[in-house]
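Visitor: Next input, structure requested:
(2 chains)
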Amino acid sequence: MSLNNWQPVIGLEVHVQLATRTKLFSSSPIAFGADPNTQASEIDLGLPGVLPVLNKEAISHALKFGCAINAEISEKVIFARKNYFYPDLPKGYQISQLDDPIVGKGSVEIKLGDKSKIIGVTRAHLEEDAGKSIHDLYSNNSAIDLNRAGTCLLEIVSEPDLSSAKEAVEYLKKIHSIVTFLGISDGDMSQGSMRCDANVSVKKPNDQKLGTRTELKNINSFKFVEKAIIFEIDRQIKELEKGEEIIQETRLYDSKKNLTRSMRSKEEANDYRYFPEPDLIPIKISKDQINEVRKNLPELPEIMKERFMNSYELSDDNAELVTINKETASFFEEVLSYEVSPKNAVNWITGDLFALLNKNDTNISESKVNPKHIAEIIQNIEDQKISGPSAKKLLEIVWSEGGEIQELIQKEGLEQISNDDEIEKILDEVISENQKQFEQLKSGKDRLQGFFVGKVMKKTSGSASPQVVNKLLKDKLSK
Amino acid sequence: MSELINLSLTDQILGLADKSFSSKEITGAYLNEIKKKESLNCFISVFEKESEEKALMADENIAKNKARPLEGIPIAHKDIFCIKDKKTTCGSKMLSNFISPYSSEVFSKLDTAGAITLGKTNMDEFAMGSSNETSFYGNVLNPINEKLSPGGSSGGSAAAVRANLCSFATATDTGGSIRQPASFCGVTGIKPTYGRVSRWGMIAFASSLDQAGIIAKNAKDAAIALKYMSGFDQKDSTSLNEEVKDLQKEVDADQEHIIGIPKDLIENIKNDQVRDSFKNAISILEKDGAKIVEINLPHIEYSLPAYYVIAPAECSANLARYDGIRFGHRSESVSSLEDLYVNSRTEGFGREVKNRIFIGTFCLSAGYYDAFYNKALKIRNLIKSDFDEAFKKVSSIAMPTCSNSSFELGSINDPVEMYEQDIYTIPANLAGLPALSIPSGTADEMPIGLQLIGNYLEEGRILNLANKFQKLTNFHEFK
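Guide: From the prediction side, this is the model:
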């Protein structure tokens, strides 16, 4: 088998849960983690006689997305019923959109190393989410939680413009960054705020016609998107090279076993019997409304990145890193508001702070470390009031306990000893305790220099300035 | 006290106001009559104790000069309107155990206006039927001749008004369900403009056609009742945000009338008695000064087939929520999810409801949607334009309500023959126009109705014309 003989063709359907205050068609609040069925009204339960009323905030969120990807915006928004039976779908139909999706054709640009690629977005439409079925709570029964039923989703459908799992991941990250920068979704994939299906096929590079595609469901992290697509491309190529045909079907990704397996074939697929939702009237979107949204669009990641490169002289990579999401970008700019050097700010945020975030699997807005902490740590280093190692120690204390930097420096005795006399006294002690090594250093064994600096640092619990120690040691050697 | 129940709503309001009698007396009289005529099977629920208590409160309000417009007037609601903490069955086994946790807007408005709800009236299952024979609770008997049908689906409401079991009753009309039973029982029934009365809490049959209205003793009573039931409701997106006219005033105003007569339709009436009585009614109005104009409604003959695509299509989705999961009938014999759906729905729905779900599901299926549903929508638009054209020349349109008077219970077994009951009433639903039926003569010794159709939001005008007719004739009088 050789990937070189085959060209993957991939399109993604991304479901983004919109951060609206209430549900798409009811005034029930949206709160993650609430007790089951406490965030569901008679409308969400689909009781006899209830009627949907459209949440205008969802329209405005969808318009923001449409404007951000320079898409055509539909002049009128029509909802349709998508009919199918499922226990967590209370009405027996989902209110979605078929014709006239609110967002039409648009595009996003993804970065692949030095190159970039334009990925077409076919459409994005509004729809309500279903509830959740829970099968492992009771031994003989399934449970249903309708808290999620009726929450607003924006389904973003891409063109089959993606040619590798890597590109799919980059596209997904781009969508993630757009919706979070716009503030229309928290983009939290672990909580299901962003979910993704992938349509995957392979063809010979010269074939005009696309191969038969499969639809991969349930791939809910950046990592799984990549793995699932890689597995599926590989599976399809193996089948084709065996002379088998690809069956058009829906496949489920099993992240534990890292494989996809058949869920239902095209023949078994639902006939959703879409028809216009008679309980809602078409919504007109005016040019003025679109212009208003466009005018008030927040700064998007690409533009922000360029600004950071120009105003703060950040490298491309560094600018990319601090604009990875909205929270990081605001954090960075807030650190700068304390007038510290942008380069130091980037290093501290993307270095030590990111390491802590990754290690603890959390995000910047949830950590105890705030921009003022980082700014003050940097200022103290810049003023040579604390040493590098002390600074790292400070960050770890603030990470786990919070607190004020100045107080912590006092309390933990981390103030750097920049008084030469004091450091010289300690250096003398170290030399007298290690005469042999000092003689060796004198006779040209330069690598022992670090040994002495280290000893001094240890004795002062890291509060001595390494520069001063080095300077004093040199003085002594030249005597 | 029995004469109190014979009084018109207008006289009951006056009598209560000048304390000629109390709400306690009138409520008691109706409750007695309901018991006496239990065999008519007009009611699915009767709220005896609660009505008596409310009557005492009403009398207190009247004594304190705090009477609301319909203070102490005993009425009945079709069992399609949800009332909080009350059983709301929609005439179906499926909902025979359903206690609504919320109230319909129709109930709330009339309750706020001071009316007392005596009980909930029998109806064809989910409002699907023209004879009242599809009710899970057994058919209602026509109070004029108990061997005959009261009509449907609001047969319980029409019979209850005719049998003096309530002052007036609410009802709903999707294809004629107010007007046909009104015609069969010799009472006055009005279906207002689509969107004039909120559908919130009214169990849906076909959302784009369903409209709540009133069955009353005469046009004046209907005008008063309708006035307090109408109005914009933000819980119903299809509700019209238009000012509610003072129908009570308009019904008695001095108005000129130009009546349009669809000539071809009248010439094709097969029943001589129906045709003669119609012509007689028109000549009475003409003698009184109304101008009679011949009009053309070229597409009206396609109303029935268009309706029997659109209504079942919408019903197939609207009734999907009755799945045995959250409320309503749930089959005992279940070993899988599919069993739960199939058995609950098979047991819970009657034959006619199943017929219509099948028709609707078929019409919306892939490959048939354009041939049936889309074509039906086009016909609907043509019928609307026919009416728009006609209303450029006339202020109302007259035709018979029904092609026959009441028939014997059990005599119509062919569903299509039953569907033809609605042949004259369906066009107003397809166009969303207000339409009423008033007694205008007899055929085979049973009442038949004259149907008056008005332009959008011109309920007042057709009520005015109906009132005029009722001043000139006594077809509407009964004891």
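
Visitor: Which positions in the stretch 1-150 of chain B make contact with chain A?
Guide: Counting by C-beta under 8 Å from any C-beta of the partner chain, the stretch 1-150 of chain B comes close to chain A at B:81-82, B:88, B:90, B:95, B:98, B:100-102, B:104. C-beta: built from backbone N, CA, C; applies to glycine.

Visitor: Of those residues - the most surrounded one?
Guide: Counting neighbours by other C-beta atoms under 10 Å in any protein chain shown, B:C90 leads those with 34 neighbours.

Visitor: And for the closest residue to chain A within the stretch 201-350 of chain B, the neighbour number?
Guide: Proximity of the stretch 201-350 of chain B to chain A (C-beta to the nearest C-beta) peaks at B:A320, 2.4 Å away. Number of residues near B:A320 (other C-beta under 10 Å) recorded here: 22.

Visitor: repeat for the one 3 residues further on
Guide: Applying other C-beta under 10 Å, we find 25 other residues in the vicinity of B:D323.

Visitor: Where does the nearest residue to it once chain neighbours are set aside fall, secondary structure wise?
Guide: Nearest residue to B:D323, sequence neighbours excluded (C-beta to C-beta, 6 or more residues apart in numbering or on different chains): B:Y341, at 5.6 Å. Using DSSP states H and E, B:Y341 sits in helix B:337-348.

Visitor: Then A:L356?
Guide: Going by DSSP H and E, A:L356 is in helix A:354-359.

Visitor: CA atoms only: put that helix into PDB for me.
Guide: Extracted in PDB, the C-alpha atoms of helix A:354-359 (Å, rounded to 0.1, in the frame of the first residue of the first chain):
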ATOM      1  CA  PHE A 354       1.800  27.000  29.100                       C
ATOM      2  CA  ALA A 355       3.900  24.100  30.600                       C
ATOM      3  CA  LEU A 356       1.900  24.400  33.800                       C
ATOM      4  CA  LEU A 357      -1.400  24.600  31.900                       C
ATOM      5  CA  ASN A 358      -0.600  21.500  29.900                       C
ATOM      6  CA  LYS A 359       0.700  19.600  32.800                       C
END
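
Visitor: Now do the buried residues in the helix or strand following it.
Guide: Where DSSP H and E defines the elements, the next helix or strand beyond helix A:354-359 is helix A:371-382. By 16 or more other C-beta atoms under 10 Å in any protein chain shown, the buried positions in helix A:371-382 come out as A:371, A:373-381.

Visitor: packing partners for helix A:371-382?
Guide: helix A:326-336, helix A:342-347, helix A:388-401, helix A:405-411 (3 or more C-beta pairs under 8 Å, 6 or more residues apart in numbering or on different chains; DSSP states H and E).

Visitor: Out of these, which gets nearest to B:Q421?
Guide: B:Q421 lies closest to helix A:326-336 among those, at 62.6 Å (C-beta to C-beta).

Visitor: Quick one: mean pLDDT over that closest one.
Guide: For helix A:326-336, mean pLDDT is 91.

Visitor: Residues in contact with that helix: which ones?
Guide: The contact list for helix A:326-336, computed with C-beta atoms under 8 Å, 6 or more residues apart in numbering or on different chains, reads A:180-181, A:183, A:301, A:304, A:308, A:312, A:321-323, A:342, A:345-346, A:348-349, A:363-365, A:371-372, A:374-375, A:378.

Visitor: can you do 6 Å?
Guide: A:180-181, A:304, A:322-323, A:345, A:349, A:364-365, A:371, A:374-375 (C-beta atoms under 6 Å, 6 or more residues apart in numbering or on different chains).

Visitor: Let me see the backbone angles for A:Q17.
Guide: Backbone dihedrals for A:Q17, given as degrees, to the nearest 10, come out at phi -80, psi 120.

Visitor: Tell me the residues of chain A that contact chain B?
Guide: Contact residues (C-beta under 6 Å from any C-beta of the partner chain) of chain A with chain B: A:42, A:45-46, A:48-49, A:51, A:53, A:81, A:83, A:85, A:87, A:91-93, A:271, A:273, A:275, A:278-281.

Visitor: What residues sit buried inside the helix holding A:L356?
Guide: A:354, A:356-357.

Visitor: got the buried residues for the lowest-mean-pLDDT helix or strand in chain A?
Guide: The helix or strand of chain A with the lowest confidence, counting by mean pLDDT, DSSP states H and E, is helix A:466-478 at a mean of 83. The neighbour-count check on helix A:466-478 (16+ other C-beta under 10 Å) flags A:466, A:468-469, A:472-473, A:476 as buried.

Visitor: ok, of the residues you listed, which one's closest to chain B?
Guide: A:P466 (69.3 Å).

Visitor: got the contact list for that closest one?
Guide: Contacts of A:P466 by C-beta under 6 Å, 6+ apart are A:V453.

Visitor: And it, how far from A:D475?
Guide: Using C-beta to C-beta, to the nearest Å, we find A:P466 at a distance of 15 Å from A:D475.

Visitor: do the same with B:S239
Guide: For B:S239, the distance to A:D475 - C-beta to C-beta - is 90 Å.

Visitor: cool, A:K284 as well?
Guide: Distance from A:K284 to A:D475, by C-beta to C-beta: 81 Å.

Visitor: May I see the buried residues of helix A:466-478 organised as JSON lines, with distance to B:S153 added?
Guide: Shown next, in JSON lines, are these (distance: C-beta to C-beta, whole Å):
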{"residue": "A:P466", "distance to B:S153": "91"}
{"residue": "A:V468", "distance to B:S153": "96"}
{"residue": "A:V469", "distance to B:S153": "96"}
{"residue": "A:L472", "distance to B:S153": "101"}
{"residue": "A:L473", "distance to B:S153": "101"}
{"residue": "A:K476", "distance to B:S153": "106"}
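
Visitor: Out of the residues you listed, which comes closest to B:L297?
Guide: Closest to B:L297, out of all of those and judged by C-beta to C-beta, is A:P466, at 97.3 Å.

Visitor: roughly how far apart are that closest one and A:D383?
Guide: 16 Å.
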